[in-house]
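[1] Generate coordinates for the sequence data below:
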Amino acid sequence: MMDAETLKAMNRERATKAARFKKVPFLVEEENIKGFRREWETGTLSFPFPNLGDYRPDGYELVNTHFAASQSPGSGVDTTSGQIEVGELAMTIPEFLDHLVPGRHYALIDEGQFQVHVGEFTREQT
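    Now for the predicted structure:
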């Protein structure tokens, strides 16, 4: 198991890389959510969310943090298989899909050895 300092260093590295490549959160639309559900059912699900770490691109506001800490039920998403039980600390993939909002942007903002934390963003209109 990775220690906290290793995880923090990895998160800083991801943020630096995201800033360098000007990564932005992925815009989710209703069609994406339907596609994610189909992919989950067929075992081919792969989220397109970039890993931003602590980086916050200009023009995007973090408005919600899904699975933000492993301190309360439904606070993380299992990255190994998604085959956890409802009510455990880590949210299941189907539970996560129920929380996606069309028109919002999503990105990984923290990643542990077995869980990821997903930020929900809005984009400022210019």
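[2] buried set for the longest helix anywhere in the chain?
    Determined from DSSP state H, the single longest helix within the chain is helix 4-20. Applying a neighbour-count criterion of 16 or more other Cβ atoms under 10 Å, the buried positions in helix 4-20 are M10, N11, R14, A15, A18. To be clear about C-beta, it is placed using only N, CA and C from the backbone, and glycine gets the same treatment.
[3] Adding distance to S46, write those residues out as JSON lines.
    Listed next are the buried residues of helix 4-20 as JSON lines, based on distance: Cβ to Cβ, whole Å:
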{"residue": "M10", "distance to S46": "20"}
{"residue": "N11", "distance to S46": "21"}
{"residue": "R14", "distance to S46": "18"}
{"residue": "A15", "distance to S46": "22"}
{"residue": "A18", "distance to S46": "19"}
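[4] Stretch 98-111: which residues count as buried?
    L100, R104, H105, Y106, A107, L108, I109, D110, E111.
[5] Rounded mean pLDDT for that stretch, please.
    Averaging pLDDT along stretch 98-111 gives 94.
[6] got the angle between the strand ranked longest in the chain and helix 4-20?
    When the chain is parsed with DSSP state E, its longest strand is strand 115-123. Orientation check (axes from the mean of the first three to the mean of the last three Cα atoms, to 10 degrees): strand 115-123 against helix 4-20 gives 30 degrees.
[7] just to revisit the earlier point, need the residues that contact the longest helix of the chain.
    2, 23, 50-55, 57, 108, 110-113 (Cβ atoms under 8 Å, 6 or more residues apart in numbering).
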